[in-house]
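Colleague: Need coordinates for the below:
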Amino acid sequence: MSVVVAKALEKTYVAGDIKVEAIRGVDFTIEPASFVSFIGPSGSGKSTLLNMIGCLDPPSRGSLEVAGQHISGLSRKEAARFRGEHIGFVFQDFNLIPVLTVFENVEYPLQMVQNWPKDKRRIRVMEMLEAVGMTDQAHKYPSQISGGQKQRVAVARALVTNAKLVLADEPTANLDRVTANKIIALMKRMRDEFATTFVFSTHDPRIVDNVEITFALEDGQLVRNEMPAGGGHA
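Modeller: The predicted structure is shown next:
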């Protein structure tokens, strides 16, 4: 079963007399355990698409299916529950909670969204921190660790709920070249280990060089999709 299926997908924003067609008649499919990127200039619709896939912004028209669920008609409460159960997020500014430790940041979705019991939460959080190489930083706060370490924590948090889909919006934008390459390698390893699909919105050629399918957007339309000569998972 495909992880994401979009058919004739559209998103229109209206403010007074102004109407902006952010996404116009887009069709695409994303398969399980794939590494996919949406690219395009600013304003092309990349972030809008990610927000729709992530149930943060409902489509205006068309069909959007995520993890086997038609999400177009979900209420705000239903969308929030669906996100908590199926989707992880990684952002360019990390979005860690500053007053929580590394451990508590990763634990947060299990406690606040999925309500796991404490003992089970601890085991799962330590598993994920070990997977991203951050067990020795578990007691520290975000202000005490580097940007690359923050993004490792964000990846662990995105995967801690067993999400099969992770949406990453410019995840390397605030990282230096060496650290960005390490984060990309980490996410590829997490994909291989957990069969997680990673979908990126990015300008970063380092990510584009590592994905298996690239969807290029211009003015809200899908102008092409590219697959490397060697194929890949997708």
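Colleague: out of everything not next to it in sequence, what's closest to L9?
Modeller: Setting aside the residues directly before and after it, L9 is nearest to G62 in space (CB to CB, 6 or more residues apart in numbering), at 3.9 Å. Bear in mind the C-beta positions are built from the backbone N, C-alpha and C, glycine included.
Colleague: residues contacting the one you found?
Modeller: Neighbour list for G62: 6-10, 25-26, 72 [criterion: CB atoms under 8 Å, 6 or more residues apart in numbering].
Colleague: distance of the residue nearest to the spatial centre of the chain from M134?
Modeller: The residue lying closest to the centre of the chain (CA atoms, centre = their mean) is L167, at 1.0 Å. In this view, L167 and M134 are 21 Å apart by CB to CB, to the nearest Å.
Colleague: quick one, helices of the chain?
Modeller: Ranges of helices within the chain are 46-53, 76-86, 102-108, 118-131, 147-159, 177-194, 205-208, based on DSSP state H.
Colleague: Show me the contact partners of the fourth one.
Modeller: For helix 118-131, contacts defined as CB under 8 Å, 6+ apart pick out 102-103, 106-107, 110-111, 116, 135, 137-138, 153, 156-157, 159-160, 190, 193.
Colleague: from those, which would you call buried?
Modeller: In these, burial by neighbour count holds for 102-103, 106-107, 110, 116, 137-138, 153, 156-157, 159-160, 190, counting by 16 or more other CB atoms under 10 Å.
Colleague: Tabulate those residues (a markdown table), appending pLDDT.
Modeller: Below are the buried ones among the contacts of helix 118-131 laid out as a markdown table (pLDDT from 0 to 100):
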| residue | pLDDT |
| --- | --- |
| V102 | 98 |
| F103 | 98 |
| V106 | 97 |
| E107 | 96 |
| L110 | 91 |
| W116 | 88 |
| Q137 | 97 |
| A138 | 97 |
| V153 | 97 |
| A156 | 96 |
| R157 | 95 |
| L159 | 94 |
| V160 | 94 |
| M190 | 92 |
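Colleague: Check the residues you listed and tell me the two furthest apart.
Modeller: Largest separation among these by CB to CB: W116 and Q137, giving 21.9 Å.
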